[in-house]
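Chemist: below are the sequence and a predicted model for it; my questions follow.
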Amino acid sequence: MEKAIIGGTGIYDIDKGSYSKIIETKYGKVEVDIVKIEEEEIVFLARHGKRHSVPPHLINYRANIMALKELGIKYIYATAAVGSCNENYAPGDIVVIKDFIDFTKSRSVTFFEGGDNPVKHVDMSDPYCKNLRQRFYQIAKEESVLIKGEAVYVCTEGPRFETASEIQMYKKMNGDVVGMTTVPEVILAKELGICYSTVGIITNWCTGMEEDMSMHNIQELVTENKTKVSKIFVKVFVEGLNQKNCNCKTSILEL
Ligand code: HPA
């Protein structure tokens, strides 16, 4: 098994023939679903748990990513619900995440804990796999799914939403969308040499971007987009990938 999707809500109907598996890691247990699509066994991991019961700041990110590594996963696509603080990206739009700004506070953000192991650092010049991003764009075009553009993801600790002043600050820092989960997921994947890419699905305007912060009745569109995005992921996976097309496997710096 080399390919996985994190997020995953709304995709389970792709194939009825899925089975669940529990993986025990040194960080904790993780349950995944495995679906066979055209000879490819694809792993689905519900980031917040199958019943969406784990809040973003309490997700066991290290267990999740280690479990995927132990299954042999080399490629991960993730979906993320995000708010927009960029006027050009509206609720209902799909964006490809190209970089992040980390405002998390209390999470375990690394596997490199020191101790008896050498001190290691991971390069973040291309946090999201450039090959997975490019392939996503290509297949989206083939499938006539509109991708609004690329976005810088500001990751907050949550679970509270941001104040209007915080959003003004994130805008000034060139943040485009705000969410609570890409950190440390993207970092941990890179530390283990796994190609990782996140696609953002915009669910709302960020605080203060509009008078009415309601969800615009776009729930249906969001669900529809999640399904479209997941189908693109599966198509990229089935068509095949090669880790020679990016630097994700060689991003560890030992100084
Ligand atoms: N802020 C933080 N996280 C989010 C938002 C938001 O506006 N929307 C969806 N996840």
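Modeler: All right, it came through fine. Numbers count the residues shown, from 1 in each chain.
Chemist: what parts of the chain come near the ligand?
Modeler: Taking Cβ under 6 Å from any ligand atom as the contact definition, the chain meets the ligand at A81, V82, G83, T156, F161, E162, V178, G179, M180, T203, N204, C206. From N, CA and C alone the C-beta is placed, and that goes for glycine too.
Chemist: hey, what's the fourth one bridged with?
Modeler: Going back to what we said before, that points to T156. Beta-bridge partners of T156, counted by DSSP bridges, are F103.
Chemist: burial of it, as a residue count?
Modeler: Close neighbours of T156, defined as other Cβ atoms under 10 Å, add up to 23.
Chemist: which residue of the chain lies farthest from its centroid?
Modeler: Distance from the centre of the chain peaks at D116, with 31.0 Å (Cα atoms, centre = their mean).
Chemist: from the ligand, how far off is it?
Modeler: 38 Å (Cβ to the nearest ligand atom, to the nearest Å).
Chemist: doesn't that residue lie inside a helix?
Modeler: No. Read with DSSP: H, G, I helix; E, B strand; the rest coil, D116 is coil and lies in no helix.
Chemist: against V122, how distant is it?
Modeler: Separation of D116 from V122 (Cβ to Cβ, to the nearest Å) stands at 19 Å.
Chemist: number of nearby residues for the closest residue to V54 other than its chain neighbours?
Modeler: Counting by Cβ to Cβ, 6 or more residues apart in numbering, H48 is the residue found nearest to V54 once chain neighbours are left out, at 4.9 Å. Applying other Cβ under 10 Å, we find 16 residues neighbouring H48.
Chemist: isn't H48 up against I59?
Modeler: Yes. Between H48 and I59 a contact is recorded at 6.7 Å, counting by Cβ atoms under 8 Å.
Chemist: surely H52 meets A46?
Modeler: Yes. Here H52 reaches A46: they are 7.4 Å apart, a contact under Cβ under 8 Å.
Chemist: more crowded one of those two?
Modeler: Each of H52 and A46 has its neighbours counted (other Cβ under 10 Å); A46 has more, 21 against 10.
Chemist: now do the contacts for K148.
Modeler: K148 makes contacts with N88, Y89, D93, I94, V95, as judged by Cβ atoms under 8 Å, 6 or more residues apart in numbering.
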